[in-house]
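Visitor: my questions concern the predicted model and sequence given below.
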Amino acid sequence: MPTFPFPATSTSREMLDRLVAFATVSSNSNLALIEFVRNYLDGFGVASSLIYDTSGTKANLYATIGPTVEGGVVLSGHTDVVPVEGQNWTSDPWTVTERDGRLYGRGTCDMKGFVATALAQVPDMVRAKLKRPIHFAFSYDEEIGCVGAPSMIADMAAHLPRPAAVIVGEPTSMAVVTGQKTTFSFTTVVRGRPVHSSQIHLGVSAVTNAARLVAFLDDMLRENMAHPAPDSLFDPPFTTIHTGMINGGTAHNIVAQECRFVTDIRALPDDDPLSYYDRYRRYVAEEIEPKMKAIAPEAGVEVAIRAHVPGLVPEPINEAETLCRRLTGDNGLHAVSYGTEAGQFREPGWDVVVCGPGSIDQAHQPDEFIAVEQLEAGTDFMRRLIGALS
């Protein structure tokens, strides 16, 4: 567990060093980082609320600086990062390394850079005697389906005065993003009958039937690719369907008993991912399972929803958008295809945008980095936000 002194002030770079040193891969606990943040805030007289998961090994944190009044701004960031295993890093992913104006390390871009710029400004936030509050909202397990944020959002909605704006600080190169695709994922488990491959007519191959299902899902994607949404802000301008993980079989000469795979749908905000899910389940029930069960009644397919994260639809009146456009000077129209907690923060009726330093092009990559100028832009944004609320 990394340990650091708690200086009276920290630069955004110094704070980023501290945050990246916590290896908060989603499969690990994030409590060491959360306790660091809690103790840091406590040093400035800022109390925190923790919302734990059911195992007690992970927690969300939210805190308020300023008066307990309506009209504040929520700064939302996730504390987890994706794994580094299997990636070819040229430096230690858990130590920030500067080269050629770039700060390399896991999470520098996605999204500890944003969290660092917020935390580094705590001394100035406290001194500013804000007229409207700044709320921190740091969640766990965003990378596996925005799992942690809902319990925190519910608790905030129950106990905090209504905020005027929520800023989800995912990397947008400080562009003001008002639209986001819906994220939907599900697992499929195909169970067959194993036999020696020389007697394949007596068995049911889970791998072969899984391959048919993956091909069906890809066919739906191809249909969408052939009919992109006209004048869409999204890139790509259609709902995507992708199977990114598959595992099955035990040996080359055994008909596979089981095969598992995970499918990811990124749907345009006005496109319901459940329509694809339901169509897929009908195909399973009508075309795949009957043929499997005709040979092996015990064979079959199980499909289960893994995650469903709402998208973000641009709103005609959005105080978060108005505020961030004023602070950044960005008046362009932007939408992103990746998932964030923005749609979850919209569910209580709060105004939300996605806006943060760094580029999504570097997220999840080996040698992930944030440009120094982007970290500085995020810091300047925080300073202007403090001025706007003072």
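Guide: Nice, thanks for sending it over. Keep in mind it's a predicted model, so treat the numbers as computed, not measured.
Visitor: is it true that Gly113 touches Ala363?
Guide: No: using Cβ atoms under 8 Å, Gly113 is not in contact with Ala363; the gap is 10.6 Å. Where C-beta positions appear, they are placed from N, C-alpha and C, glycine not excepted.
Visitor: looking at the two, which is more packed in?
Guide: Comparing Gly113 with Ala363 by other Cβ atoms under 10 Å, the one with more neighbours is Gly113, at 32 against 20.
Visitor: okay, and the beta partners of the closest residue to that one other than its chain neighbours?
Guide: Setting aside the residues directly before and after it, Gly113 is nearest to Ile370 in space (Cβ to Cβ, 6 or more residues apart in numbering), at 4.5 Å. Ile370 forms beta bridges with Leu103, as assigned by DSSP bridges.
Visitor: what's Ile370 in contact with, if anything?
Guide: Residues counted as contacts of Ile370 (Cβ atoms under 8 Å, 6 or more residues apart in numbering) are 16, 102-103, 108-109, 113, 171, 357-358, 362.
Visitor: please flag which of these sit within helices.
Guide: When DSSP state H is applied, the contacts of Ile370 are split such that 16, 113 fall in helices.
Visitor: pull out the buried residues from stretch 228-238.
Guide: Across stretch 228-238, burial judged by 16 or more other Cβ atoms under 10 Å covers 233-234, 237-238.
Visitor: which among those residues gets closest to Glu143?
Guide: Phe234 (21.1 Å; Cβ to Cβ).
Visitor: touching, that closest one and Leu333? I think so.
Guide: No: with contact defined as Cβ under 8 Å, Phe234 does not count as touching Leu333 (11.1 Å).
Visitor: what pLDDT does the model give the residue nearest to Gly113?
Guide: Here, the pLDDT recorded for Ile370 equals 98.
Visitor: what do you get for Pro7?
Guide: Note on Pro7: pLDDT of 53.
Visitor: and what of Phe4?
Guide: 49.
Visitor: off-centre distance for the helix or strand hosting Tyr280?
Guide: Assessed by DSSP states H and E, Tyr280 sits inside helix 273-283. Relative to its parent chain, helix 273-283 has a centroid offset of 24 Å by Cα atoms, centre = their mean, to the nearest Å.
Visitor: for it, C-alpha coordinates in CSV please.
Guide: Presented in CSV, the C-alpha positions along helix 273-283 are these (Å, rounded to 0.1, in the frame of the first residue of the first chain):
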residue,chain,number,x,y,z
PRO,A,273,-30.6,-2.4,-26.7
LEU,A,274,-33.2,-4.7,-25.2
SER,A,275,-34.7,-5.0,-28.7
TYR,A,276,-31.5,-6.7,-29.9
TYR,A,277,-31.3,-8.8,-26.7
ASP,A,278,-34.9,-10.0,-27.2
ARG,A,279,-34.2,-10.8,-30.9
TYR,A,280,-31.2,-12.8,-29.9
ARG,A,281,-33.0,-14.7,-27.2
ARG,A,282,-35.7,-15.6,-29.8
TYR,A,283,-33.1,-16.9,-32.1
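Visitor: after that helix, which helix or strand is next?
Guide: With elements assigned by DSSP H and E, the helix or strand that comes after helix 273-283 is helix 289-295.
Visitor: and the contacts of that following helix?
Guide: Identification of contacts with helix 289-295 by Cβ under 8 Å, 6+ apart yields 192-193, 202-204, 209, 299-301.
Visitor: for that helix, which positions count as buried?
Guide: 289, 292.
Visitor: give me the mean pLDDT for it.
Guide: Here helix 289-295 scores 98 as its mean pLDDT.
Visitor: all strands of the stretch 251-390 of the chain, in order?
Guide: Ranges of strands within the stretch 251-390 of the chain are 258-267, 300-309, 335-336, 352-354, 369-371, based on DSSP state E, counting those that start in this stretch.
Visitor: helices along the stretch 51-200 of the chain, start to end?
Guide: With helices called from DSSP state H, counting those that start in this stretch, the stretch 51-200 of the chain shows them at 113-120, 122-127, 149-159.
Visitor: now those helices as JSON lines including distance to Glu319?
Guide: Below are the helices of the stretch 51-200 of the chain laid out as JSON lines (distance: least, Cβ to Cβ, whole Å):
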{"stretch": "helix 113-120", "distance to Glu319": "19"}
{"stretch": "helix 122-127", "distance to Glu319": "20"}
{"stretch": "helix 149-159", "distance to Glu319": "17"}
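Visitor: of all these, which one is nearest Ile65?
Guide: Nearest to Ile65 among these is helix 122-127 (4.6 Å), distances taken as Cβ to Cβ.
Visitor: give the other helices and strands that the helix or strand that Phe36 is a member of contacts.
Guide: Phe36 belongs to helix 31-42 when assigned by DSSP H and E. Judged by 3 or more Cβ pairs under 8 Å, 6 or more residues apart in numbering; DSSP states H and E, helix 31-42 is in contact with strand 48-52, strand 59-65, strand 134-139.
Visitor: mind giving me the packing neighbours of the first one?
Guide: Under the contact criterion of 3+ Cβ pairs under 8 Å, 6+ apart, strand 48-52 touches helix 31-42, strand 59-65, helix 149-159.
Visitor: next one: that strand to chain centre, how far?
Guide: Distance of strand 48-52 from its chain centroid, counting by Cα atoms, centre = their mean, is 20 Å.
Visitor: that one to strand 59-65, inter-axis angle?
Guide: Put simply, strand 48-52 runs at 160 degrees to strand 59-65, going by axes from the mean of the first three to the mean of the last three Cα atoms, to 10 degrees.
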